[in-house]
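K.L.:
I would like to see how this sequence folds:
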Amino acid sequence: MPSESRTLTFSNAEVIEALELFSEQAQRPLPEGGVKRLVFSNEREVKVTVEPNNGDTVMHFYEHEIAAALIVYCNKHGIPVARRAIKSLQVAQDVVVLQLALRS
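P.N.:
So this is what the prediction gives:
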């Protein structure tokens, strides 16, 4: 049985935009004043910590939230993401990778 896979790679700036879009929809806005940096961890699951510019408390986003944010980003930018695809996240050198796998 053939299968299909796609790899979508997102820069830190794209992840920030994705989290902003997701946060607006979830009514959980990112801190005022912008994002200083993102800190990724990959223990048990992918997690991102958002450090704000103005010294507010940090925000944490977990794997399912990051995946949802990236899908929202893709929808906004016209990048197709199959609903039935098996989705997984990976953190690689300064990028986040959304892996999509489809089985026929």
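K.L.:
for this structure, what spans make up the strands?
P.N.:
Per DSSP state E, the chain carries strands over the ranges 3-11, 35-41, 47-52, 59-62, 86-92, 95-103.
K.L.:
could the ones you listed go into a markdown table alongside mean neighbour count, mean pLDDT and distance to residue 72?
P.N.:
(Each C-beta comes from the backbone N, C-alpha and C, glycine too.) What follows is the strands of the chain, written out as a markdown table (neighbours: other C-beta atoms under 10 Å; pLDDT from 0 to 100; distance: least, C-beta to C-beta, whole Å):
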| stretch | mean neighbour count | mean pLDDT | distance to residue 72 |
| --- | --- | --- | --- |
| strand 3-11 | 13 | 93 | 12 |
| strand 35-41 | 14 | 88 | 17 |
| strand 47-52 | 18 | 89 | 15 |
| strand 59-62 | 16 | 92 | 12 |
| strand 86-92 | 14 | 91 | 13 |
| strand 95-103 | 16 | 92 | 12 |
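K.L.:
tabulate those (CSV), appending distance to residue 22.
P.N.:
Output for these, formatted as CSV (distance: least, C-beta to C-beta, whole Å):
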stretch, distance to residue 22
strand 3-11, 13
strand 35-41, 13
strand 47-52, 11
strand 59-62, 8
strand 86-92, 14
strand 95-103, 13
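K.L.:
nearest to residue 77, of those strands?
P.N.:
Across the strands of the chain, residue 77 has its closest neighbour in strand 3-11 (10.6 Å, C-beta to C-beta).
K.L.:
and that closest one, what does it pack onto?
P.N.:
In terms of contacts (3 or more C-beta pairs under 8 Å, 6 or more residues apart in numbering; DSSP states H and E), strand 3-11 is packed against helix 63-76, strand 95-103.
K.L.:
OK, contacts around the closest residue to residue 12 other than its chain neighbours?
P.N.:
Of all residues not flanking residue 12 in the chain, residue 38 sits nearest, at 5.6 Å (C-beta to C-beta, 6 or more residues apart in numbering). Residue 38 sits next to 12, 15-16, 48-51 when contact means C-beta atoms under 8 Å, 6 or more residues apart in numbering.
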